[in-house]
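S.K.: I would like to see how this sequence folds:
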Amino acid sequence: GILQFVSFFSVITNGLVIAVTSSFITKRVYEDRVGSMDGYIDATHPASPPSVTDPAVSNCHYASLRNSDGEKGAFFYEVWAARLGFLILFEHVVFLTKFAIQYLIPDVPHDIVVKVKREAWLAKCALEGVLDADGDGEIDNKSKRRVEEEAMQEFNHTVQPTSFMDLYPDREDDDEGEA
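M.R.: Below you'll find the predicted structure:
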């Protein structure tokens, strides 16, 4: 939806901001090309082209990735290729991290899943008249087991399986005392 588009757009925008405005990539390309950072400022701040006739401007340096004659050289294209590579790598890492976190964190917390199952089970019991059949406030165990099994089969395909007996951890099974 809209939020997914906004998150996708923001990752791309942030990647472009880092790739285009930062000097990090330019420095790494220069260091890889030359082997050290000696002459980096001269390489990234060429002198004004010789076609400039004004003596006050002829010794002017400007921030650009051009040759001394004002033309784009191989270094310019190497830097832009590295920026594009960085953008692709950055967005892939961010999206893979996002999808991994999305996969690891469930949409519905486990305790909510259990409560929804219990509610569905109680509704099914109430509809079938299993709850308090004899009016003593207790659940009929034989009917309870049948309804539990049907409810588990019905809800197993939509949520993580769990026993309905886990809903009542402090309650002992009533059949144990009847023997």
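
S.K.: any idea how far Lys98 lies from Leu84?
M.R.: To Leu84, Lys98 is 21 Å away according to CB to CB, to the nearest Å. C-beta: built from backbone N, CA, C; applies to glycine.

S.K.: next one: Asp111
M.R.: 46 Å.

S.K.: Those two: who's more crowded?
M.R.: Neighbour tally, Asp111 and Leu84, criterion other CB atoms under 10 Å: the higher count belongs to Leu84, 12 against 8.

S.K.: List the contacts of that one.
M.R.: For Leu84, the contact set (CB atoms under 8 Å, 6 or more residues apart in numbering) comprises Ala19.

S.K.: Need the pLDDT of it.
M.R.: Looking at Leu84, its pLDDT reads 95.

S.K.: go on, Lys144?
M.R.: At Lys144, pLDDT is 67.

S.K.: Please apply the same query to Glu91.
M.R.: Reading off the model, Glu91 has pLDDT 94.

S.K.: Hmm, it is touching Ser10, no?
M.R.: No - Glu91 lies out of contact with Ser10 (CB atoms under 8 Å); the separation is 10.6 Å.

S.K.: And these two? Which one has more around it.
M.R.: Shown here are Glu91 and Ser10; by other CB under 10 Å, Glu91 has more neighbours (16 against 11).

S.K.: OK, contacts around the more buried one?
M.R.: Here Glu91 is in contact with Val11, Ile12, Gly15 (criterion: CB under 8 Å, 6+ apart).

S.K.: repeat that for 10 Å
M.R.: Neighbour list for Glu91: Phe8, Val11, Ile12, Asn14, Gly15, Leu16 [criterion: CB atoms under 10 Å, 6 or more residues apart in numbering].

S.K.: ok, now Ser10?
M.R.: Ser10 is in contact with Val94, counting by CB under 10 Å, 6+ apart.

S.K.: That one is in what secondary structure piece?
M.R.: Assessed by DSSP states H and E, Ser10 sits inside helix 2-21.

S.K.: top helix in the protein by residue count?
M.R.: helix 74-104 (DSSP state H).

S.K.: Going by neighbour count, list what's buried in that helix.
M.R.: Phe75, Glu78, Val79, Trp80, Ala82, Arg83, Phe86, Leu87, Phe90, Glu91, Val94 (16 or more other CB atoms under 10 Å).

S.K.: Need the max-distance pair from these.
M.R.: Farthest apart among the buried residues of helix 74-104 by CB to CB are Phe75 and Val94. That separation is 28.2 Å.

S.K.: Could you list the low-confidence segments of the protein?
M.R.: Along the chain, segments meeting pLDDT under 70 span 48-59, 62, 68, 70, 128-144, 146-148, 151, 154-179.

S.K.: circling back: only whichever of the contacts of Glu91 are buried, select them in PyMOL.
M.R.: Buried subset of the contacts of Glu91, written as a PyMOL selection, criterion 16+ other CB under 10 Å:
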select buried, resi 11+15
